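Student: After the sequence you'll find the predicted model.
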Amino acid sequence: MSMIVTLDVRPMLAKGQEPFAAIMQAADALGPDQTLRLIAPFRPVPLIGVLRQRGFSFAEHPLGGDVWQVDFSPPPGALSAGSSLEAADWPAPLQLLDLTGLEPPEPMTRILAALETARPGEVVFALLDREPLFLLPQLRARGHAWVGNHAADASGYRLLVRRGADA
């Protein structure tokens with residue numbers, strides 16, 4: 001039986017706050033036998049797509065009055081998105097990029113450019129305002145490994161990318 005972790009984002013939205021970082025932080029913190037129960041004042045279609053890309057399964061239920069409950073469960077044996085068991089053995093980053101305050105697609109462009117100049121196996125660190133959802137599939141397609149997570153205070157996203165051998 002799965003333990004339910006409930007996150008009701010209605011109060012955040014009522015205050016004009018963006019709940020995405022809090023949702024992703026909660027999803028990343030789930031254990032293997034936990035489910036994230038999201039309560040929202042609308043059906044969160046884009047969020048469902050993001051978490052499905054990460055391998056999460058979901059079940060959605062309208063609760064009435066424009067309120068939705070969506071239960072997200074991580075895939076069995078899953079690590080957080082992009083996680084690599086080998087990441088602990090990666091070398092220290094040779095390039096440190098502070099990409100906060102830049103408008104998309106500039107962070108993605110700069111990270112890809114840094115990887116072009118890196119040698120296979122070298123690591124690039126980037127500090128971003130948000131999770132780079134459009135970059136991550138590009139990294140995978142180009143043969144790079146990556147790990148990333150949201151800052152504990154939800155102030156940004158930290159990304160380590162190791163250049164692939166055939167990139």
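Tutor: Noted; the coordinates are in hand. Numbers count the residues shown, from 1 in each chain.
Student: Residue nearest the middle of the protein, spatially speaking?
Tutor: Central residue of the chain (CA atoms, centre = their mean): Glu131, 5.3 Å from the mean position.
Student: Distance check, the residue nearest to it when sequence neighbours are not counted against Ser57.
Tutor: With CB to CB, 6 or more residues apart in numbering as the criterion, Glu131 has its nearest non-adjacent residue at 4.8 Å, and that residue is Tyr157. All C-beta spots, glycine's among them, are computed from the backbone N, C-alpha and C. Distance, Tyr157 to Ser57, using CB to CB, to the nearest Å: 24 Å.
Student: who has more neighbours, those two?
Tutor: In terms of neighbours (other CB atoms under 10 Å), Tyr157 is the more surrounded of Tyr157 and Ser57; the figures are 21 against 13.
Student: Please state the mean pLDDT value computed over the top helix by length along the chain.
Tutor: In the chain, with assignment by DSSP state H, the single longest helix is helix 106-117. Helix 106-117 shows a mean pLDDT of 96.
Student: Pull out the buried positions in that helix.
Tutor: Pro107, Met108, Arg110, Ile111, Leu112, Ala114, Leu115 (16 or more other CB atoms under 10 Å).
Student: quick one on the thing from earlier: quick one: the residue nearest to Glu131 and Leu136 touch, right?
Tutor: No. Checked against CB atoms under 8 Å, the pair Tyr157 and Leu136 is beyond contact range at 10.7 Å.
Student: list the residues that contact both of the two?
Tutor: Common neighbours of Tyr157 and Leu136, counting by CB atoms under 8 Å, 6 or more residues apart in numbering, are Gly148.
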